[in-house]
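Undergrad: okay, structure incoming, though there's no sequence with it:
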């Protein structure tokens, strides 16, 4: 009679994976007890003790558990780990219970683990995600390597980006009183704090105007806008997106508990002896809050009008208009075309001890000493129109309105311009002649426009050529004529320049220069307005009076070697 194989029944003290392995005949009860004791002493899992102790190989253990527990088995080596969702389970929980999220379908969350018998992990995940965990067996060694690489890469990236020696003070007045600002250890996480400071310093050094912190499903991206172009700077670990957003919101005095609606705030950072303001905007996206930080460098408003790129005739026209005792000066152009800096530069010229200047903005971007600046607050009823009405009772000489958006604001601004005040404002139109018809379309009477508007400036920003590496370019004569050059301008040895690129610049460009269409409202143009003439009529008259359009203004800069023909065509192609 053949001898029967006797499988030793596991003692009652063994449970979970230990009991499964003894029942399957892979371990004897004594070895299982010893490994269990080792795991408790090392504060590790039983699976870790089995594999690291050499009692079983990782793949054999995974196959045994899959068969015994009737659970699917997945080889992590065949999975694109970069595309796995990383924001469904807190990384701390994933590390604590040695698991990885493989996917989500409906209300089921597929969890890869080497030990699927851990009921505590099931309850934690259920509570944290409000989803039902579905276990999938994965090999312990591959799982451990992946969890370790995630942690290591996060630390390495943060440390490499954040280690810098700088004197950087954060002013956080009233931060503690911000709604929901119980600053947790996560918000004050040192690597995140240093990373944010490093990003802000890099942005300032690169002369960036904006920083974009963008969360996506599988990655997190930081981009800077330098000379008008967005440039990717780094991809920090996805795990820091919430901590970073919370840190920025605390400094900007926003509600860190509110993640469902957009928020706006401001912060001021001391960079050496220089204080720089930042305007912060958050936006809820599919995969977290996108944060955009705009750098508001007050020194840009104090550069002087020569630094902005006005040609002499354009500068003279503008200076004559703003020094008139009353009337309206309008600056137009799309978002990011430098309208605010132009207006602030004019206000700085006019800012004298004997002059009362008041501005209403949404929001006030640059703090100017000696000027009364007011922020719009629609919730509280402080609109552009309400602020303007109040200004007229404050004995102002000069009023600056951030933007004319509606008929009520336009009417009050025009009345102020007609009653002894200099009014400056912006409009979102493409060029100067279009601005006049836009005001008419808003409902402003033509005679009010003709009587109050003194001058309109349309502007764009073009990238400035790097002086170190720019080189002459050979363009076909036909191309130059088609771009707008006159035949007589092409005679002689003159040649346009092209962008080359060097270590000191950004693809051949460094900084930006303004292109301007400065159109005074003369008697002839006033007659066209009063007879409700078309945009073409105004354009023809302005051209006859020597007003350059934006393309012609750009070609002047090309001829002077300040920018390239390609850049001017791109910026003025309308």
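TA: Here it is on my side, so go on. Keep in mind it's a predicted model, so treat the numbers as computed, not measured.
Undergrad: which residues of the stretch 301-450 of the chain fall in helices?
TA: Across the stretch 301-450 of the chain, reading from the start of the chain, the helices by DSSP state H, counting those that start in this stretch fall at 312-322, 339-350, 384-391, 407-418, 432-442, 446-452.
Undergrad: the third one packs against which elements?
TA: When you say that, I think you mean helix 384-391. On a contact count with 3 or more C-beta pairs under 8 Å, 6 or more residues apart in numbering; DSSP states H and E, helix 384-391 meets strand 357-361, strand 398-401, helix 407-418. Any C-beta I mention is one placed from the backbone N, CA and C, and that applies to glycine too.
Undergrad: what's the second one in contact with?
TA: Meaning strand 398-401. Where contact means C-beta atoms under 8 Å, 6 or more residues apart in numbering, the residues beyond strand 398-401 that reach it are 343, 347, 350, 355-361, 384, 388, 391, 409, 413, 416, 421-426.
Undergrad: can you check stretch 558-572 too?
TA: With contact meaning C-beta under 8 Å, 6+ apart, stretch 558-572 is reached by 309, 460-465, 470, 473, 475, 479-480, 483, 485, 489, 494, 496-499, 508-509, 513, 515, 550-551, 554-555, 557.
Undergrad: one more pass at 7 Å, please.
TA: Residues outside stretch 558-572 that contact it (C-beta atoms under 7 Å, 6 or more residues apart in numbering) are 460, 462-465, 475, 483, 489, 494, 496-499, 513, 515, 550-551, 554-555, 557.
Undergrad: off-centre distance for it?
TA: Distance of stretch 558-572 from the chain centroid (C-alpha atoms, centre = their mean, to the nearest Å) equals 27 Å.
Undergrad: what about stretch 416-433, distance to the chain center?
TA: Centroid separation between stretch 416-433 and its chain, computed with C-alpha atoms, centre = their mean, is 30 Å.
Undergrad: enumerate the positions of it that are buried.
TA: For stretch 416-433, a neighbour-count test (16 or more other C-beta atoms under 10 Å) marks 416-417, 421-427, 429-433 as buried.
Undergrad: that one spans what distance, first to last residue?
TA: When the termini of stretch 416-433 are compared using C-alpha to C-alpha, to the nearest Å, they are 22 Å apart.
Undergrad: likewise stretch 321-337?
TA: Stretch 321-337 stretches 21 Å from its first residue to its last (C-alpha to C-alpha).
Undergrad: kindly report the same for stretch 460-475.
TA: Using C-alpha to C-alpha, one end of stretch 460-475 lies 24 Å from the other.
Undergrad: report the rounded mean pLDDT for that stretch.
TA: Taken as a whole, stretch 460-475 carries a mean pLDDT of 89.
Undergrad: give the buried residues for that stretch.
TA: Under 16+ other C-beta under 10 Å, the buried positions of stretch 460-475 are 460, 461, 462, 463, 464, 465, 466, 469, 470.
Undergrad: backbone dihedrals for the first one, please?
TA: I take that to be residue 460. Dihedral angles of residue 460 (phi, psi; degrees, to the nearest 10) stand at phi -140, psi 160.
Undergrad: and for the last one?
TA: When quoted as degrees, to the nearest 10, the phi and psi of residue 470 stand at phi -60, psi 150.
Undergrad: identify the residues contacting the residue nearest to it when sequence neighbours are not counted.
TA: Among residues not flanking residue 470 along the chain, residue 497 sits closest, at 4.4 Å (C-beta to C-beta, 6 or more residues apart in numbering). By C-beta under 7 Å, 6+ apart, the contact list for residue 497 reads 465, 470, 471, 472, 473, 561, 564.
Undergrad: switch to 6 Å and redo it
TA: Neighbour list for residue 497: 465, 470, 472, 561 [criterion: C-beta atoms under 6 Å, 6 or more residues apart in numbering].
Undergrad: any idea of the pLDDT on it?
TA: Among the per-residue scores, residue 497 holds a pLDDT of 90.
Undergrad: rewinding a little: just the contacts of stretch 558-572: which are in strands?
TA: In strands, judged by DSSP state E, the following of these are found: 460, 462, 463, 464, 465, 497, 498, 513, 515.
Undergrad: pick the one among these closest to residue 88.
TA: Within these, the smallest distance to residue 88 is 42.4 Å, found for residue 463 (C-beta to C-beta).
Undergrad: any idea what that closest one is bridged to?
TA: On the basis of DSSP bridges, residue 463 is bridged to residue 512.
Undergrad: give me the nearest residue to residue 113, chain neighbours excluded.
TA: For residue 113, ignoring the flanking residues on the chain, the nearest one in space by C-beta to C-beta, 6+ apart is residue 99 at 4.2 Å.
Undergrad: ok, residue 333 touching residue 340?
TA: No. Residue 333 is not in contact with residue 340 according to C-beta atoms under 6 Å; the separation is 10.4 Å.
Undergrad: still on that earlier bit, and the buried residues of stretch 416-433, which two are the farthest apart?
TA: In terms of C-beta to C-beta, these reach their longest pairwise distance at 421 and 430, which sit 27.6 Å apart.
Undergrad: do you know how far the residue nearest to residue 495 when sequence neighbours are not counted is from residue 329?
TA: Spatially, and ignoring its direct neighbours in sequence, residue 495 is nearest to residue 472 (4.3 Å; C-beta to C-beta, 6+ apart). Residue 472 sits 39 Å away from residue 329, taking C-beta to C-beta, to the nearest Å as the criterion.
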